[in-house]
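>>> Okay, here's the prediction I keep looking at, along with the sequence it came from:
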Amino acid sequence: MKKKTFRGGINRTIIKTNFKKICQKQYGIFWLILIGVLFFYVGLAWGKKQVTPENSPMEALTSFVSELSSPSSLLKNTNKDKSDKIDFNIFWKVWNKLEKQYVNSSSLDSQAMVYGAIDGMVRAIKDPYTNYMDPEESNEFTTGMEGSFEGIGAELGMKDNILTVIAPISGMPAEKAGLKAGDKIIKINEEMTADISIDEAVKKIRGPKGTEVVLTVISNEATKTKEIKITRDTIDLESVHYEQKWGNIAYLQITSFTEDTADEFNKEITKAIADNNKGIVLDLRNNPGGFLNVAVEIASRFVPRESVVVQEKHQDGRIENFKSIGGDVFSEIPVVILVNQGSASASEILAGALRDINGSKLIGKKSFGKGSVQQLEKFSDGSSLKVTIAEWLTPSGQSINKIGLDVDIELDITDSDVKNNWDPQLNSALEEMVRQLREKK
């Protein structure tokens with residue numbers, strides 16, 4: 001047989017034969033590797049299964065087959081730093097036990113059980129400001145932020161893991177009944193508040209207009225608890241109030257940062273400008289906060305355009321700056337700010353920004369120290385998740401979370417002051433503004 005050769009004199013028949021042998025050898029190696037990997041996964045999965053009274057051989061086999069179908073999950077759990085495996089089988093075992101053994105199993109609400117499971121998962125984080133809300137709770141929360149609901153008119157928070165009044169809303173039932181910022185709520189209608197979440201507390205305290213709720217509280221300066229009976233009413237959050245004080249000083253009070261607050265504020269500052277005021281006392285006492293964007297918009301009336309109003313520090317260390325948007329009609333006018341232990345969240349952002357950027361003085365009492373950022377995620381079924389995603393920092397980089405803002409002039413308001421309708425904090429702020437206006441001349 002005549003041999004054909006390639007250029008370079010290489011024998012084609014030899015190449016063909018050798019190539020066939022090589023392929024056969026490689027296929028053999030491939031199958032050996034594949035079988036070895038298969039036995040590795042089988043051994044790894046079965047080795048993790050232990051037959052216990054709660055884990056019968058059949059259950060172990062079922063779970064084994066399930067894990068074998070997803071070998072990536074097995075490899076993830078070989079991480080030395082995560083020795084305890086997350087076992088979702090326990091969830092379904094409990095679910096099945098309830099369906100089969102609970103005495104009133106026919107009345108079980110499967111959807112409510114799912115919501116409860118999610119709520120429990122979120123609670124395990126132990127962050128009082130990260131909450132899951134079922135559709136009903138989510139609707140109530142949204143209504144409350146829109147500016148009108150029925151309840152007592154007080155913002156609640158957690159201080160040292162105790163349910164605490166951040167601030168009663170001015171003129172609302174809670175304030176009229178004597179509830180004060182800083183009061184610790186021990187009971188709600190004889191029910192202890194230990195381990196209660198903020199959302200649960202709000203749900204128990206809110207109710208139809210005309211009905212009553214009894215809160216057992218203890219004040220910072222008191223040694224005994226006292227009961228405060230409050231009649232619920234419609235809470236209309238008109239959040240901005242303006243009046244002229246001492247001839248040429250604008251007194252601007254902001255009680256919360258709702259969706260309507262920026263519009264209300266813009267209307268009131270139009271009056272303040274028309275009155276030709278020379279200085280401003282900005283009252284943020286008992287202001288529990290609200291929407292971040294509203295606080296930034298209001299801060300924009302006081303500081304130069306593109307000023308950093310607040311920083312958000314995320315879990316990865318990333319810093320996000322929120323800057324003023326312009327319209328700084330008050331940037332050349334001196335401002336004194338009133339705060340107290342009821343000033344929290346967005347009100348601390350505004351006070352911190354004016355202090356850091358304009359040098360505005362703070363008068364009253366140290367603020368609450370609610371400096372974490374929550375994001376609201378809404379789901380298709382109407383439920384929602386309010387989750388802490390970052391920490392707030394003032395323009396100078398100061399964290400206020402659990403710390404609060406220190407004041408330049410510290411003054412308290414006593415029970416005697418309240419009875420005599422005397423406000424020493426406001427009076428001090430007005431005196432400080434007069435001093436600054438004289439120095440400015």
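Received it, and whenever you're ready, just let me know what you need. Numbers count the residues shown, from 1 in each chain.
>>> which helices and strands does the host helix or strand of residue 429 pack with?
In this assignment (DSSP states H and E), residue 429 forms part of helix 424-440. Where contact means 3 or more CB pairs under 8 Å, 6 or more residues apart in numbering; DSSP states H and E, helix 424-440 is packed against strand 249-254, strand 279-283, strand 335-339, strand 361-364. Yep, even glycine has a C-beta here, placed from its N, CA and C like the rest.
>>> The first one to helix 424-440, inter-axis angle?
Using axes from the mean of the first three to the mean of the last three CA atoms, to 10 degrees, the direction of strand 249-254 lies 140 degrees away from that of helix 424-440.
>>> contacts for strand 249-254?
170, 239-245, 261, 265, 268-269, 272, 275, 277-284, 287, 298, 347, 350, 426, 430, 433-434 (CB atoms under 8 Å, 6 or more residues apart in numbering).
>>> strand partners of it, parallel vs antiparallel please.
Sheet pairing of strand 249-254 (DSSP bridges) gives strand 240-245 (antiparallel), strand 279-283 (parallel).
>>> now the angle between strand 335-339 and the shortest one, please.
When you say that, I think you mean strand 279-283. 10 degrees.
>>> Same check on the longest one?
If you take the same axes, to 10 degrees, strand 240-245 sits at 120 degrees to strand 335-339.
>>> which of the residues in strand 240-245 are buried?
Neighbour counts using 16 or more other CB atoms under 10 Å place 240, 242, 245 of strand 240-245 among the buried residues.
>>> try the shortest one
Neighbour counts over strand 279-283 (16+ other CB under 10 Å) mark 279-283 as buried.
>>> Can you list the neighbours in contact with that strand?
245, 248-254, 272, 330, 333-338, 350, 354, 360, 426, 429-430, 433, 436-437.
>>> for the longest one, same thing?
With CB under 8 Å, 6+ apart as the test, strand 240-245 has contacts from 250-255, 261, 264-265, 267-269, 271-272, 275, 277, 281, 430.
>>> again, only this time at 7 Å
Defining contact as CB atoms under 7 Å, 6 or more residues apart in numbering, one finds that strand 240-245 is touched by 250-254, 261, 264-265, 268, 271-272, 275, 277, 281, 430.
>>> Using neighbour counts, give me the buried entries of the residues you listed.
By 16+ other CB under 10 Å, the contacts of strand 240-245 give 250-254, 261, 264-265, 268, 272, 277, 281, 430 as buried.
>>> measure the residue nearest the centre of the chain to residue 309 for me?
Most central in the chain under CA atoms, centre = their mean is residue 374, positioned 3.0 Å from the mean C-alpha point. Distance, residue 374 to residue 309, using CB to CB, to the nearest Å: 18 Å.
>>> The stretch 201-350 of the chain: strands as residue ranges?
Along the stretch 201-350 of the chain, counting by DSSP state E, counting those that start in this stretch, strands occupy 212-218, 226-231, 233-236, 240-245, 249-254, 279-283, 308-314, 319-323, 335-339.
>>> of the contacts of strand 240-245, closest to residue 124?
residue 261 (34.4 Å; CB to CB).
>>> any idea how far that closest one lies from residue 133?
Residue 261 is 23 Å from residue 133, by CB to CB.
>>> what does residue 273 give?
Residue 273 is 41 Å from residue 133, by CB to CB.
>>> With residue 155 instead?
Distance of residue 155 to residue 133, computed by CB to CB: 17 Å.
>>> got it, and residue 438?
From residue 438 to residue 133 the distance is 52 Å (CB to CB).
>>> So which of the two has more stuff around it?
Between residue 438 and residue 133, counted using other CB atoms under 10 Å, the more crowded position is residue 133 (25 against 8).
>>> Can you tell me which of the strands paired with strand 249-254 is nearest to residue 89?
Set against residue 89 and scored by CB to CB, the strands paired with strand 249-254 come closest in strand 240-245, at 55.1 Å.
>>> C-alpha coordinates for that closest one, CSV please?
Provided in CSV are the C-alpha atoms of strand 240-245 (Å, rounded to 0.1, in the frame of the first residue of the first chain):
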residue,chain,number,x,y,z
VAL,A,240,-45.0,73.2,60.9
HIS,A,241,-45.9,76.2,63.0
TYR,A,242,-44.7,79.8,62.6
GLU,A,243,-45.0,83.0,64.7
GLN,A,244,-43.0,86.1,65.2
LYS,A,245,-41.3,86.6,68.5
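>>> Quick one: neighbours of the closest residue to residue 343 other than its chain neighbours, just the number.
In space, and not counting its chain neighbours, residue 343 is closest to residue 367: 4.3 Å by CB to CB, 6 or more residues apart in numbering. Neighbours of residue 367 under the rule other CB under 10 Å: 28.
>>> Repeat that for residue 111.
Using other CB under 10 Å, residue 111 has 10 neighbouring residues.
>>> Pull the residues that contact whichever strand or helix holds it.
Using DSSP H and E, residue 111 sits in helix 110-123. For helix 110-123, the external contacting residues (CB under 7 Å, 6+ apart) are 130-132, 134, 197, 383.
>>> ok, now stretch 160-180?
With contacts defined as CB under 7 Å, 6+ apart, stretch 160-180 is touched by 152-158, 181-185, 193, 196, 201, 219, 228-233, 235, 255, 286-288, 342, 344, 368.
>>> got the phi/psi numbers for the closest residue in space to residue 323 that isn't next to it in sequence?
Nearest residue to residue 323, sequence neighbours excluded (CB to CB, 6+ apart): residue 306, at 5.2 Å. Main-chain torsions, residue 306, degrees, to the nearest 10: phi 70, psi 10.
>>> and residue 306, how many residues sit next to it?
Counted with other CB under 10 Å, residue 306 comes out at 11.
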